[in-house]
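Enquirer: predicted coordinates and the sequence they were generated for:
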There are 2 protein chains.
Amino acid sequence: MNSIDHARRPLLAIDWGTSALRGARLDAAGAPLQERQFARGILTVAPGQFAQVLAECFGDWLNTPDSLCLLSGMVGSRQGWQEAAYCPCPAGFDELAQRLLWLQHGRMAIVPGLSVQREEGLPWPLHDVLRGEEVQIFGALALSGHRSARVLLPGTHSKWAQVQDGRVQTFRSFMTGEVYALLSQHSLLSRTLVADAPWHEAVFVQAVLLAQRTPSVLSSIFSTRTLALFDTVPAAQHASHLSGLLIGEELRAMHLATPHDQAPLLLVGNAALCRRYALALQALGLTATSFGDEATWAGHRALANHLDTA
Amino acid sequence: MNSIDHARRPLLAIDWGTSALRGARLDAAGAPLQERQFARGILTVAPGQFAQVLAECFGDWLNTPDSLCLLSGMVGSRQGWQEAAYCPCPAGFDELAQRLLWLQHGRMAIVPGLSVQREEGLPWPLHDVLRGEEVQIFGALALSGHRSARVLLPGTHSKWAQVQDGRVQTFRSFMTGEVYALLSQHSLLSRTLVADAPWHEAVFVQAVLLAQRTPSVLSSIFSTRTLALFDTVPAAQHASHLSGLLIGEELRAMHLATPHDQAPLLLVGNAALCRRYALALQALGLTATSFGDEATWAGHRALANHLDTA
């Protein structure tokens, strides 16, 4: 009975990233009762001011008796409130729970990110990291009912996580979104690219398919320039071409790495980006289930339930 | 006798690029008798002012009786003096000569760039282009004495040309240098990268080797970030790591594409960059012969000789 009582105590879920601060009061199932969002990402907060900013934005919720507050995202990075050391993979709820950084014991904690160490034959190890996505991964699992899956989180830095039996075994980052932004804003390609042109599905899909065959993405992206020089396709479609080449490269790399992996594929991110990735996956004969913000809140809820029943 | 007289007439070679205007008076062998360089790249010249700028910088040479002046580089682009349409590959001296854009008949001409059209299974063709490098390619051939070679021209956009029997059969561009600049100046990686740190050979070579094994360069470059997070190697060496990953990706793509190609490998570019590529090639068991500015002048000379003896 004790565990049930705890699982019902008020949960305040905070997703504090680089550019935004979002929070929700969650019901027992992880659905938000109330949500708030502020342009108070960690880069806008001076050191030592995190508690105050949180109180300004969510003070009324924080005063709820017996509540638990979990904070995820870059708030736990070196530039955040306090650094929560990365939790090494394989990692499930047990490992995350052990490595929570408690700001107020039993009341408020920062969820650590995950790290994975790859031995690549170098004299030094190479690491990969994520922070904030761990909660989304577990949320997508909870919402989908799967215990094993490949979870793809597109964004500035896409993350591909491989989950088995409720534990993240490994993951890989791709700088896809950031490279797209750099190329479309600062490179030679930006001179002819119409960055805010509507997305063109057919051109995008052709570029995704092309990415499966070209020797290197460093070479294929130059074709965005020659489309303009030779007027091969209208300028408004060049951004879709570039996007397809980059997202296609990511899929090529992951598809080859796990050709026989039959685990379900879950997509977590904003709706427009998930649609784009889903279409790219479909062009390669793969299907995915997509989740948005609800995965973040469901992940917080699942972790809180684990804490209270452990 | 006639052909010999022509081959001896004064040759003024002009390499007019985006950011610089360089020129040389060449002897019969293609060696420069005199060189000048100005910060008058085509981007600094207003439309209609090209003839005047050329006269200001090289008027005394241009007035030499019976002289020939060849201009190569971005001066023949849409943003240049006059657009010289790309010469399609395969292309040797015959094709280039036929497509010279004469500004003064028999006296002054713009050398066209090269284009190649690849059928990649898309509903539209994809092109690749170069402009200015065609002269360097033929110069490196002349200086090396080879008629067939792979010629690698590293830079903002690297070019790999495949030459058979004096004709460029095909080539491929890589945005390696520009992507390196974007990542080291504008990306998340730039926060911890020491862009002007001295080059670290061992770290560079390890990254070149790593690039032969990693699933995708979009993923591997993120390790530049985690080197900083985990203090795995000193910050001053991270730029060499990133450079090795990008140059290594280029080599991976080209090496795989032509594993049995025994043609000699020629490198043309600035000395520091050629050294870096030569070391990367060496790490893969390949050797290359390097050329600098002399390849540009030798290419102009060889083309002029062809014009006068054709």
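Expert: Now that the structure is in, tell me what you want to look at.

Enquirer: got phi/psi on the residue nearest to residue A:187 when sequence neighbours are not counted?
Expert: Taking C-beta to C-beta, 6 or more residues apart in numbering or on different chains, and ignoring the residues beside it in sequence, residue A:187 has residue B:178 as its nearest neighbour in space, at 5.7 Å. In short, each C-beta sits where N, CA and C put it, glycine included. Here the main-chain torsion angles of residue B:178 (degrees, to the nearest 10) amount to phi -70, psi -40.

Enquirer: near chain B, which residues of the stretch 1-150 of chain A are found?
Expert: In this structure, the stretch 1-150 of chain A approaches chain B at residues A:78, A:120, A:121, A:122, A:123, A:124, A:125, A:126, A:127, A:128, A:129, judged by C-beta under 8 Å from any C-beta of the partner chain.

Enquirer: so what's the residue count around the third one?
Expert: Right, the one you point to is residue A:121. The burial count assigned to residue A:121 is 10, neighbours taken as other C-beta atoms under 10 Å in any protein chain shown.

Enquirer: check contacts around it.
Expert: B:209, B:210, B:213 (C-beta atoms under 8 Å, 6 or more residues apart in numbering or on different chains).

Enquirer: kindly provide the distance from it to residue A:83.
Expert: Summarising the geometry, the distance separating residue A:121 from residue A:83, computed by C-beta to C-beta, to the nearest Å, is 30 Å.

Enquirer: ok, back up a step: state the distance from the residue nearest to residue A:187 to residue A:225.
Expert: With distances taken as C-beta to C-beta, residue B:178 is found 11 Å from residue A:225.

Enquirer: hey, what's in contact with both of the two?
Expert: Among the neighbours of residue B:178, those also in contact with residue A:225 (C-beta under 8 Å, 6+ apart) are residue A:188.

Enquirer: just to revisit the earlier point, what about the residue nearest to residue A:187, neighbour count?
Expert: The burial count assigned to residue B:178 is 22, neighbours taken as other C-beta under 10 Å.

Enquirer: flag the shaky bits of the stretch 201-310 of chain A, pLDDT-wise.
Expert: Per-residue confidence for the stretch 201-310 of chain A (pLDDT under 70) gives these ranges: A:256-261, A:310.

Enquirer: once you drop chain neighbours, what's closest to residue A:73?
Expert: residue A:132 (3.7 Å).

Enquirer: contacts only, for the one you found.
Expert: A:15, A:17, A:72, A:73, A:74, A:113.

Enquirer: which among the residues you listed gets closest to chain B?
Expert: residue A:113 (10.1 Å; C-beta to the nearest C-beta).

Enquirer: grab the nearest non-local neighbour of that closest one.
Expert: Once flanking residues are discounted, residue A:113 sits nearest to residue A:131: 3.1 Å by C-beta to C-beta, 6+ apart.

Enquirer: same thing with residue A:119?
Expert: In this structure, residue A:119 finds its nearest non-sequential neighbour in residue A:125, 6.3 Å apart by C-beta to C-beta, 6+ apart.

Enquirer: equivalent analysis for residue A:35, please.
Expert: The nearest residue in space to residue A:35 (C-beta to C-beta, 6+ apart) is residue A:24, at 4.6 Å.

Enquirer: count the neighbours of the one you found for me.
Expert: Neighbours of residue A:24 using other C-beta under 10 Å come to 26.

Enquirer: got it, and residue A:288?
Expert: As a measure of burial, residue A:288 has 20 neighbours, counting by other C-beta under 10 Å.

Enquirer: before we move on, what about residue A:47?
Expert: Residues contacting residue A:47 under the criterion other C-beta under 10 Å number 8.

Enquirer: could you do residue A:241 as well?
Expert: Here the count is done by other C-beta under 10 Å, and residue A:241 has 26 residues near it.

Enquirer: ok, now residue A:36?
Expert: Should you count by other C-beta under 10 Å, residue A:36 turns out to have 14 residues around it.

Enquirer: ok, now residue A:231?
Expert: Counted by other C-beta under 10 Å, the residues lying close to residue A:231 total 8.

Enquirer: cool, and residue A:298?
Expert: The local packing count at residue A:298 equals 26, with neighbours defined by other C-beta under 10 Å.

Enquirer: of the contacts of residue A:121, list those near chain A.
Expert: Among the contacts of residue A:121, chain A is touched by B:209, B:210, B:213 when using C-beta under 8 Å from any C-beta.

Enquirer: which among these gets closest to chain A?
Expert: Chain A has its nearest neighbour among the ones next to chain A among the contacts of residue A:121 in residue B:210, at 5.6 Å by C-beta to the nearest C-beta.

Enquirer: what sits closest to that closest one if chain neighbours are left out?
Expert: In space, not counting the residues next to it along the chain, residue B:210 is nearest to residue A:120; the distance is 5.6 Å by C-beta to C-beta, 6+ apart.

Enquirer: is the one you found in a helix, a strand, or coil?
Expert: Judged by DSSP: H, G, I helix; E, B strand; the rest coil, the three-state class of residue A:120 is coil.

Enquirer: check contacts around it.
Expert: So, once contact is read as C-beta under 8 Å, 6+ apart, residue A:120 ends up touching A:126, B:210, B:213, B:214.

Enquirer: okay, strands next: where are they in the stretch 151-300 of chain A?
Expert: If DSSP state E, counting those that start in this stretch is used as the criterion, the strands of the stretch 151-300 of chain A fall at A:158-164, A:167-174, A:265-268, A:289-291.

Enquirer: any residue of the second one up close to chain B?
Expert: Pointing back at strand A:167-174 there. Yes: figure legend: strand A:167-174 in contact with chain B (C-beta under 8 Å from any C-beta); contacting residues A:172, A:173, A:174.

Enquirer: sorry, back to before: buried subset of the ones next to chain A among the contacts of residue A:121, written for ChimeraX?
Expert: Only the buried members of the ones next to chain A among the contacts of residue A:121 enter the following ChimeraX selection, criterion being 16 or more other C-beta atoms under 10 Å in any protein chain shown:
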select /B:209,210
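
Enquirer: would a markdown table of the ones next to chain A among the contacts of residue A:121 with distance to residue B:37 be doable?
Expert: Formatted as a markdown table, the entries for the ones next to chain A among the contacts of residue A:121 read as follows, by distance: C-beta to C-beta, whole Å:
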| residue | distance to residue B:37 |
| --- | --- |
| B:209 | 38 |
| B:210 | 38 |
| B:213 | 42 |
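
Enquirer: which ones among the ones next to chain A among the contacts of residue A:121 are found in helices?
Expert: Per DSSP state H, helices hold the following members of the ones next to chain A among the contacts of residue A:121: B:209, B:210.

Enquirer: return the closest of the ones next to chain A among the contacts of residue A:121 with respect to residue A:255.
Expert: Checking the ones next to chain A among the contacts of residue A:121 against residue A:255 with C-beta to C-beta, the nearest one is residue B:213 at 17.3 Å.

Enquirer: let me see the contact set for that closest one.
Expert: By C-beta under 8 Å, 6+ apart, the contact set of residue B:213 is A:120, A:121.

Enquirer: list phi and psi for the one residue in the stretch 1-150 of chain A that gets nearest to chain B.
Expert: Per C-beta to the nearest C-beta, residue A:127 is where the stretch 1-150 of chain A lies closest to chain B, at 4.1 Å. When read as degrees, to the nearest 10, the backbone of residue A:127 gives phi -110, psi 160.
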